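Visitor: quick one, what's the 3D model for this:
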Amino acid sequence: MMSLDEIKIIQLPRILDERGNLSFLEENNHIPFTIRRTYWIYDVPGGETRGGHSYKTNQEFIIALSGSFDIVFNDGKTTRTYSLNRSYYGLYVPAGLWRHMDNFSTNSLAFIVASTDYNESDYIRDFKRYEENK
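Guide: Take a look at the predicted model:
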């Protein structure tokens, strides 16, 4: 299993001018994997939590394109929270870490790129099982 120390905030390139700002990401350059899937989370009702799982192999890069939210990690001993609220940086999440997302602001938009195609068998959705497999 990975360590919480493997999580990284990565600043993305920013091109700024009078017309507005532009940021981008490139696989195997700004993020350390090839992109196989993208998805986004939005319209999360106040007080709701998303996630509550770990991946066996999937890695992710999470960006707050709009608004803000927290990503909470737990390795069975320590809890660590990262708050995302800018679209020009994101959070690299290696496989093997338990996480959930909460504290979504109104109109928040979480954009996630993933290293694997969707595969239900890649998920560990029971925290006790997660702790047993560490």
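Visitor: use CA for all of it now, contacts and neighbours both
Guide: Fine.
Visitor: next, the residue lying farthest from the centre of the chain: phi, psi?
Guide: Most distant from the centre of the chain: residue 18, at 30.6 Å, with distances by Cα atoms, centre = their mean. Phi and psi for residue 18, reported as degrees, to the nearest 10, are phi -60, psi -20.
Visitor: next one: it from residue 133, what distance?
Guide: 52 Å (Cα to Cα, to the nearest Å).
Visitor: contact partners of the helix-or-strand element of the chain with minimal mean pLDDT?
Guide: In the chain, no helix or strand scores lower on mean pLDDT, DSSP states H and E than helix 127-132, which sits at a mean of 93. Residues outside helix 127-132 that contact it (Cα atoms under 8 Å, 6 or more residues apart in numbering): 53-54, 75-76, 98, 124.
Visitor: and the buried ones among the residues you listed, selectable in PyMOL?
Guide: The buried subset of these, as determined by 16 or more other Cα atoms under 10 Å, is captured in PyMOL by this line:
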select buried, resi 53+54+75+98+124
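Visitor: could you identify the least confident member of the contacts of helix 127-132?
Guide: Among these, residue 76 carries the lowest pLDDT, at 86.
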